[in-house]
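# What shape does this take:
(chains A and B)
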Amino acid sequence: MLTADELGVLLFTLGIAGLGTLLILPLGVGLALVLARYRGPGKSALETLLSLPLVLPPTAVGIMLLEVFSRRTALGAALAAAGLDVVFTWRGVLVATSIMSFPLLVRSARTAFEEVDPRLVGIARTLGRGPAATFFTVTLPLARRGVIAGATLAFARALGEFGATVMVAGNIPGRTRTLALAIFHDNQVGRDDRAVVLGGVTAVLAFGALWTSEWLTRRNAGRGEA
Amino acid sequence: MIDLSIEVPLAAFTLRVEAALAGRVTVILGPSGSGKTSLLETVAGLRPKARGRIALDGQVLQDDARRLRLAPERRRVGYVPQDSGLFPHLSVLGNVRFGARGGDEGRVESAIDTLGLRPLLGRSPGALSGGERQRVALARALASDPRVLLLDEPLASVDVELKERILPYLLRVRQDWRVPMLYVTHNVGEALVLADHVLVLRAGAVEASGAPSQLLSSPLMARQVAVGGIENIFPVRVLSHDTSAGVTRLRTESGLDVAVPLASARLPGSTATLAIRAEDVLVAVEPVRGLSARNVYEGRITRLDQTGIDVLVGVEVAGGSTWLARLTPGAVRELQLALDGRVWLAVKSHSARWV
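Here you go, the predicted model:
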């Protein structure tokens, strides 16, 4: 069984991952649509840039975020003045996990948008729907499984984020400690048994999220053939 | 009235069309790859590279000289692509309703009835046959209250063997809905039965433009007839079944009686469409007696057109309908066929095909 502290860490982790996924959804879906439809200069550069967090060491992303949000920068100072400090707060956890999981959402959603027949979009226009209405009544419904699968993947990635989070937000019990950080901490202080329990919890959560994502992607593919 | 003066750059050539189309049904006839579909998409506003001027009943949809271009959603065109283009995530009813501006349920209901979709409303597009999909796409376009219907080979994707072509529905739409049509096809028979006006396209250019009967002698019509043949197409009503004679009796709109092989599945009173190939129509210069053909009609020759090697003979029979018979030049000489000559046509009941 989980202790009260561990339960708190679990809920905090789920909350951050869920909130982060919701926050990146509009931007990620928008970017995915642009990447799926846009043909022109700068496209591959943008795609590469967006995929960088997938291959960079998370600590490298973390140190960049730390630089951007430190109080020495105008942005960091402004946020601090507004009482919205990022570094070493839960907001830092949110920023770090969101950045790290963003590419997974965009890649999955982009593939889904690319599979939507552009002719259907044209037909929806001739039937009186403007671009926005067409997006919400045709494009998004047809791509929805891929978008949801991408969001689920992003959520799972956020659950397990470690490197960037520890750089930006530290490992402060009750404030910024997520499951991944708690496992590391338990191991460091010799409580390997608790680390194993928490490891099991993250495994179950990740399995559920990935399985859901796979299932949705497969169903999407099946629909495409029908 | 549709005014076109457009240029569309395509892969192999530039499509150039200048035309004022006043007919209720204008058929755009041409071989595949002649630019027919691109023309429809240009009118619909789906070709960003198209330049020129398009006006529909006086309203300008596009005029690049004045930097004017209405978005597709503001053109009020009912586009039915060759593959139907149904939305796979919506039911039949959802598809038909999709285009109904302001939720005009009256139009939706009429469109559903005209196209006979009542039994299919809850189905998903994936569970429909080709002909059913075309009917749903046509109903969806009608429900959007279009000022023009753009139909791209509506009969081409339908399996002829299934005998569920949608020509009878198209004829019904033409009769009951006051919407002009631009109708793309490469089938001369369809053009003859549907069109008030025919525009013949070849490699992106207008080769001929005029009433369908005027164009029968044009080179392209001749080619199309040589390749695909030509059919006499008649909407008919089922009169009765004669089991002992083994025939079903039908009557055309012009009041001509036709006997075809027994088709008891067709209910008396129901309507259908019949196609008879022009080469299956025999021509005699004397009253026909002692012949097994079930359908014999007396008429007058109204046209004699050389189409390729063969001669297409047009014969007006009682009631005013015109039949086309395809004969060899030798037969025409031997029978001394001439305009206004009296002839008798004989049609075997088995040469009739349901469409």
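# Next SSE downstream of the helix or strand harbouring A:Val166?
Using DSSP states H and E, A:Val166 sits in helix A:163-169. Downstream of helix A:163-169, the first helix or strand assigned by DSSP H and E is helix A:179-188.
# Just the pLDDT at residue 22, thanks.
Defaulting to chain A. At A:Leu22, the model reports a pLDDT of 97.
# wait, I meant chain B there
With respect to pLDDT, B:Ala22 has a value of 87.
# quick one: B:Leu304 and B:Gln336 touch, right?
No. If you go by C-beta atoms under 8 Å, B:Leu304 and B:Gln336 don't touch, sitting 11.5 Å apart. Every C-beta, even on glycine, is put in place using the N, C-alpha and C of the backbone.
# who has more neighbours, the two?
B:Leu304 (16 against 8; other C-beta atoms under 10 Å in any protein chain shown).
# and the longest helix that chain B contains, what does it pack onto?
Under DSSP state H, the helix in chain B containing the largest number of residues is helix B:130-143. Helix B:130-143 sits against strand B:77-80, helix B:92-98, helix B:105-114, strand B:148-152, helix B:167-176, with contacts defined as 3 or more C-beta pairs under 8 Å, 6 or more residues apart in numbering or on different chains; DSSP states H and E.
# of all those, which lies closest to chain A?
The closest of these to chain A is strand B:77-80. By C-beta to the nearest C-beta, the value is 4.5 Å.
# Buried ones in the closest one, by neighbour count?
B:77-80 (16 or more other C-beta atoms under 10 Å in any protein chain shown).
# partner strands of that strand, parallel or antiparallel?
strand B:148-152 (parallel) (DSSP bridges).
# ok now the strand it pairs with, how far from the chain's centre?
Centroid separation between strand B:148-152 and its chain, computed with C-alpha atoms, centre = their mean, to the nearest Å, is 12 Å.
# Verify the assumption that B:Ile276 is located in a strand.
Yes. Secondary structure of B:Ile276 (DSSP: H, G, I helix; E, B strand; the rest coil): part of a strand.
# Flag every residue of chain B that's near chain A.
Selection of chain B residues close to chain A by C-beta under 8 Å from any C-beta of the partner chain yields B:41, B:44-46, B:71-73, B:75-79, B:81, B:85, B:87-89, B:98-99, B:101, B:126, B:140-141, B:144.
# Select only the buried ones of the residues you listed in PyMOL?
To isolate in PyMOL the members of these that are buried, counting by 16+ other C-beta under 10 Å, one can use:
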select buried, chain B and resi 41+44+45+46+72+73+75+76+77+78+79+81+85+87+88+89+98+99+140+141+144
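# and the gap between the closest residue to chain A within the stretch 101-250 of chain B and B:Gly99?
Closest residue of the stretch 101-250 of chain B to chain A, C-beta to the nearest C-beta: B:Gly126 (4.2 Å). According to C-beta to C-beta, to the nearest Å, B:Gly126 and B:Gly99 sit 20 Å apart.
# and chain B, what are its domains?
For chain B, automatic domain parsing gives the domain ranges B:2-211, B:232-354.
# ranking those by burial, who's on top?
Mean neighbour count (mean count of other C-beta atoms under 10 Å in any protein chain shown) peaks for domain B:2-211 among the domains of chain B, with a mean of 19.
# Compute the first-to-last residue distance for that one.
Domain B:2-211 has its terminal residues 16 Å apart, counting by C-alpha to C-alpha, to the nearest Å.
# how about residue 116, secondary structure?
With no chain named, the answer covers chain A. State at A:Val116, reduced to three classes by three-state DSSP: coil.
# oops, chain B please
coil.
# pLDDT at it, what is it?
pLDDT for B:Gly116: 90.
# I figured it hits B:Leu138, correct?
No. Shown here, B:Gly116 and B:Leu138 do not form a contact pair, counting by C-beta under 8 Å, at 10.7 Å.
# Now do the shared contacts for these two.
Taking C-beta atoms under 8 Å, 6 or more residues apart in numbering or on different chains as the criterion, B:Gly116 and B:Leu138 both touch B:Tyr169.
# re the thing from before, Serialize the buried residues of strand B:77-80 to TSV and add fields for distance to B:Asn187 and pLDDT.
Formatted as TSV, these follow (distance: C-beta to C-beta, whole Å; pLDDT from 0 to 100):
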residue	distance to B:Asn187	pLDDT
B:Val77	23	95
B:Gly78	21	95
B:Tyr79	20	96
B:Val80	16	95
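# and the residue most central in space within chain A, what element?
Taking C-alpha atoms, centre = their mean as the criterion, A:Ser101 is the residue nearest the geometric centre of chain A, at 3.1 Å. Assessed by DSSP H and E, A:Ser101 sits inside helix A:90-114.
# Not counting its own residues, what contacts the helix or strand just after that helix?
Sequence order places helix A:118-126 as the next helix or strand after helix A:90-114, per DSSP H and E. Counting by C-beta under 8 Å, 6+ apart, helix A:118-126 makes contact with A:37, A:131, A:133-134, A:137-139, A:142, B:41, B:44-46, B:71-73, B:75, B:77-79, B:81, B:85, B:87, B:98, B:144, all of which sit outside it.
# Identify those among those residues that sit within helices.
A:37, A:131, A:133-134, A:142, B:41, B:44, B:98.
# nearest to A:Leu94, of these?
Closest approach between the ones in helices among the contacts of helix A:118-126 and A:Leu94, by C-beta to C-beta: A:Arg37, at 29.6 Å.
# which residue packs closest to that closest one, ignoring adjacent ones?
A:Phe113 (7.3 Å; C-beta to C-beta, 6 or more residues apart in numbering or on different chains).
# how much distance is there from the lowest-mean-pLDDT helix or strand in chain A to the middle of the chain?
Within chain A, no helix or strand scores below helix A:192-225, which has a mean of 82 by mean pLDDT, DSSP states H and E. Distance, stretch centre to chain centre, for helix A:192-225: 15 Å (C-alpha atoms, centre = their mean).
# Counting by contacts, list what the host helix or strand of A:Gly18 packs against.
Counting by DSSP H and E, the element that carries A:Gly18 is helix A:4-37. Helix A:4-37 makes packing contacts with helix A:43-55, helix A:90-114, helix A:140-160, helix A:179-188, helix A:192-225 when contacts are defined by 3+ C-beta pairs under 8 Å, 6+ apart.
# Give me the buried stretch members for the first one, please.
Residues of helix A:43-55 classed as buried under the neighbour-count rule (16+ other C-beta under 10 Å) are A:50, A:53.
# out of the buried residues of strand B:77-80, who's nearest A:Leu27?
Of these, the one sitting nearest to A:Leu27 (C-beta to C-beta) turns out to be B:Tyr79, at 33.4 Å.
# so the closest one sits right up against B:Ala44, yeah?
Yes. Between B:Tyr79 and B:Ala44 there is a contact at 4.7 Å, judged by C-beta under 8 Å.
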